[in-house]
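A.B. asks: for reference, the sequence and a predicted model appear below.
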Amino acid sequence: MTNFPWLSVVIFLPLIGALFILLFSRGTPEQVSRDARAVALWVSCITFLVSLGLWVNFDVRTSDFQLVEKSVWVPGLDLAYHVGIDGISLFFVLLSTLLTVVCILASWESIHERVKEYMVAFLVLETLMVGMFAALDIVLFYVFFEGVLIPMYLIIGVWGGPRRNYAAFKFFLYTLAGSVLMLLAILMMMFEAGTSDMTRLLNFDFAPSLQTWLWLAFFASFAVKVPMWPVHTWLPDAHVEAPTAGSVILAGVLLKFGGYGFLRFSLPMFPLASLEFTPLIYTLSIVAVIYTSLVALAQEDMKKLIAYSSVAHMAFVTLGAFAANTQAVEGAIIHMLSHGFVSAALFLVVGVVYDRMHSREIATYGGLVHRMPVYALIFMVFMMASVGLPGTSGFVGEVLVLIGLFKANSWVAAFAATGLILGAAYMLYLYRRVIFGPLTKDSLKDILDLSPREIAVFAPLLILVFWMGIYPQPFLEVMHVSVDNLLERYHSAIAAHSATALAAR
Amino acid sequence: MYAAAVFLPLIGAIIAGVLSFARTGDHHHDHKIDLAAQLVTCGAMLLAAIAALAAFTNILVNGHTGSVEIFTWVDSGTLEISWALRADTLSLVMVLMVTVVSSMIHVYSVGYMHHDASVPRFMAYLSLFTFFMLMLVTANNLLQLFFGWEGVGVASYLLIGFWFDRPSANAAAIKAFVVNRVGDFGFALGIFATYVLFDSISFDTIFALAPQKATAMMKVFGGEFHALTVICLLLFVGAMGKSAQLGLHTWLPDAMEGPTPVSALIHAATMVTAGVFMVARCSPLFEWSDTALTVVTIVGASTAIFAATVGCVQNDIKRVIAYSTCSQLGYMFFALGVSAYSAGIFHLITHAFFKALLFLGAGSVIHAMSDEQDMRKMGGIYKLIPVTYVMMWIGSLALAGIWPFAGFYSKDMILEVAYAAHTGVGQYAYWMGLAAAFLTAFYSWRLIIMTFHGTSRADEKTLAHVHESPKVMLIPLGVLATGAIFVGFTTVSYFVGDNYDAFWGKALFMLPSHQALENAHHVPLWVKLSPLVVGAVGIALAYFLYMFRPDLPPKIAGAFPALYRFLLNKWYFDELYDRLFVRPAFWLGRNLWKKGDVAIIDGLGPDGVSAAIQMLSRRAGALQSGYLYHYAFAMLLGVAALITWLLMTGR
């Protein structure tokens, strides 16, 4: 089945589903809503199953891009529809397809208005996300990368909370501001290398001085997406105002664009600049770990707290990527995937009580364990995964990043490791205020525990958190060769440059 | 067999955990569920204990040491880590002790938690804890050790906060977890440093390579230091957290908020000794760093005396025993510090029995006194609960190190090795340890007398209810008491005596130049006798002050008010940490949020820019006044500027 266009199917199936909903839904508003939900769920489930085919057909022994499809798009400019995956991008595709299913299921009852448009937005979003991770043409990449903003902007702006306009604009402007610079850099690269083919760009040696500028331009875009301190302030607002599923996809997938971008573009294409700017990345990331963890400690809004914790967690990703050794980079990828499950699940956890009480204030709750023991258990598991308990996915990523980082720079590793302490403090403090204590508030006396549908939403994430925590081999073995190839490219470019620099003396 | 001992508790925990969701609130139905959970967990634990005994005899008698690999855990670059069960003397001794003590405490909990509304949950937590503890002691690499380490931390967090309606229990649970995380921070860095030095964190590899790396230097934290010293000190920070050593001890007394069986299992017999186990396990590393060993000795000896002084003035029966645990852990550490690892482990094992016995005895008292824990409201009940009374005597005799109880052999040995180290820190440890031994005997009998003797200070209602505990609680007490009596003299020759080499094999490592254990057999007679003498004096003093002259203690406290308050407030550690860390963290968090994010970043960033643009557009809008002469004037200005520019640039 290697001739089967696996990637194109995964990319365009959701789009076809979206068109189907738009064209064929008829009848009363209730019928339309019901059909839209059903179609969206079916399409996303089938897409997810097909995407598993990518993993089955993936050859872990080669670092080349696999399942490649290429057809000319704009002949004169050498632009092509060119997609393919390697050990770095494979799991991000799967993460996107899985979380879309989770999101649609999680929105089943909480979205009542414009259900049709909502489902269409999510399916379009899925197409764009998968396309982004699979793109091998830099212009195609840019189209998907920016295209994602539109459905996300709509999801926050239409189905969001009371301050949704402010949040949506802030989100849009921040990310767009970075992207403009990235577009300029992409054009510059195409002029310089004469191609938009990423497989060729990955092996093109840009001049050192040019690398610096290109790196900074990409950094402007990726740093906002990660988000890195101090361009992180759009994230808490966007999360707070977004509907639950919007937060899930935002934290689960969109934040990975930045980390993925650093690994796909910055390190292999601009290795000299990456080395040069590593201290900057270290500094900003450490500030993020400590600063946002402390800020999380002071939050009174559950979603904001988890949003800030995301910033701290993603700082581990940037640290790992730029520590540039096997453990750190593999750890960064695992940590991104783990954060994809765990933060998605934590936003769902908040969503569950938000659906019941319509409040995100921590003070609204307390003593939920009395009425919601299953909920308390699930919350506990994901909280522990978030604080990096061994046996959960959070630990594997964190410990690999820190081990690699310690090799690269022990001070940085020590500062980053303070996140272990602070992370435990703010998460346990949150859990205590929401779950433990006597149940005294009248409004909570009749609150219901998780429904079977809600348990179904959490189930795949629970399995993944433990699977990746206890037996991460299936995930790690996919990335070994690709990561080695990336690091080989990175270090040989640096070695070659310092050799010529020495020879020039 | 060996795997069964480790994984049976996990199976029990899962089943009991599932059962905990099957409670409906119907009394009859719930009773059955509770019974099922108790049967499953106790059954699994007892089977695990039998399996552990079988494995112990099989492996040790037949000499089949080695390890059982399960499957790969993490494999990244040169870092290869497997789930595995290590089978050597140290692991086996620990597995046997943990399964035996834990199964007794499981059985005891059936009676103690009888009235509780969450019996299956409690049993599930206890079994889960035991599983993590077993994973810890059977680890074959540092990362699996860390897995068990953090796992027991979570189980401890859950059990301290078991009664989650109590704010104090919740606070204590969080405190325990976070303070332990501070230690784990050091532990984790120690693991990373080990990997950087050895390119492996597997015990077999690093222990084999340690002699080659004995003088290696490591560039770390901006300097170049002796690599093994760095590693050992970092690992020891972890041990200090878990084993509640001075500085990171503050969580242990608060942890008494948990139900008493928890205090006995986790906060006396097993989890808190994990730090001691870890240092002993890493003896092939610690041996090469005199600096690290010196630090271990000083911290241990200081903790021993510090906790003993505080234990003398506490009024909560469980807190007295908690400080006593802290103090005894200090003994174990300074034994390790003078390279007498086996003496430390010996005391760990004997202590597990008599301290679990003391806690469960205290639990029996609390049970009898309708959940009263304050000793000032007890007294005069020894005739009402005679079995418990006898049990407490046995435990206290063992704790105070009176012949022929178990504690006598191990504590004596520790003081002798400290003396026989013939080093400055060894002397410090010996004298601190001796003073602490005196205080130990004193506070133990202060506890017994205040609890059981004199006229009762309890109210009549409580007193009327005082009753001996049921058999399901007394039998475990009996088993542990048997241990507290016999474990000492039956095993002393294996742990620290003539059979040392045959028993330990290669499980522990001592440099030939570290002779404390050997010399301990040749110390002067007065050193051998001194612990017994100070113990007897301590007991006598307690009798004098609390039995015969109960008017004196308040007078003494009144005579030294500052000292008394200093001790009563536990040397003000909690207050200090609150001011130094807790409050500043929250203050910083609030200010970084409100001032950093909102005022500065957003103010100068998006909000500032949008405000600036709005202002500019308002100004620009104001320019469109509609008056022709305004526009004409602006045009003239433009023309003038253009001409000036052309003239200036000379075109």
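C.D. replies: That came through, no problem.
A.B. asks: which SSE is immediately downstream of the lengthiest strand in chain B?
C.D. replies: Taking DSSP state E as the criterion, chain B has its longest strand at strand B:66-76. Where DSSP states H and E defines the elements, the next helix or strand beyond strand B:66-76 is strand B:79-87.
A.B. asks: and that following strand with strand B:66-76, angle?
C.D. replies: Between strand B:79-87 and strand B:66-76, the angle comes out at 160 degrees (axes from the mean of the first three to the mean of the last three Cα atoms, to 10 degrees).
A.B. asks: so what are the sheet partners of the longest strand of chain B and their directions?
C.D. replies: According to DSSP bridges, strand B:66-76 forms sheet pairs with strand B:79-87 (antiparallel).
A.B. asks: any buried residues in the next helix or strand after the partner strand, and which?
C.D. replies: For strand B:79-87, the following helix or strand on the C-terminal side (DSSP H and E) is helix B:89-112. Neighbour-count burial for helix B:89-112 flags B:89-112 (criterion: 16 or more other Cβ atoms under 10 Å in any protein chain shown). Quick note: C-beta positions are derived from backbone N, CA and C, even for glycine.
A.B. asks: for helix B:89-112, packing partners?
C.D. replies: Helices and strands touching helix B:89-112, by 3 or more Cβ pairs under 8 Å, 6 or more residues apart in numbering or on different chains; DSSP states H and E, are helix B:2-20, helix B:27-62, helix B:119-137, helix B:260-264, helix B:274-281, helix B:341-368, helix B:471-495, helix B:500-504.
A.B. asks: B:Phe405: which of those helices is closest?
C.D. replies: Nearest to B:Phe405 among the helices and strands packed on helix B:89-112 is helix B:471-495; the distance by Cβ to Cβ comes to 5.9 Å.
A.B. asks: tell me the angle the closest one makes with helix B:341-368.
C.D. replies: Going by the same axes, to 10 degrees, helix B:471-495 is angled at 170 degrees with respect to helix B:341-368.
A.B. asks: residue 307: neighbouring residues, count only.
C.D. replies: Since no chain was named, I'll use chain A. 30 (other Cβ atoms under 10 Å in any protein chain shown).
A.B. asks: not quite, go with chain B.
C.D. replies: Neighbours of B:Ala307 under the rule other Cβ under 10 Å: 29.
A.B. asks: list the buried residues in the helix or strand encompassing it.
C.D. replies: According to DSSP H and E, B:Ala307 maps onto helix B:290-311. By 16+ other Cβ under 10 Å, the buried positions in helix B:290-311 come out as B:290, B:292-311.
A.B. asks: do stretch B:436-456 as well
C.D. replies: The neighbour-count check on stretch B:436-456 (16+ other Cβ under 10 Å) flags B:436-454, B:456 as buried.
A.B. asks: and that stretch, how far out from the chain's middle?
C.D. replies: In terms of Cα atoms, centre = their mean, to the nearest Å, the centre of stretch B:436-456 is set 25 Å apart from its chain centre.
A.B. asks: per-residue confidence averaged over it?
C.D. replies: Mean pLDDT, computed over stretch B:436-456, is 90.
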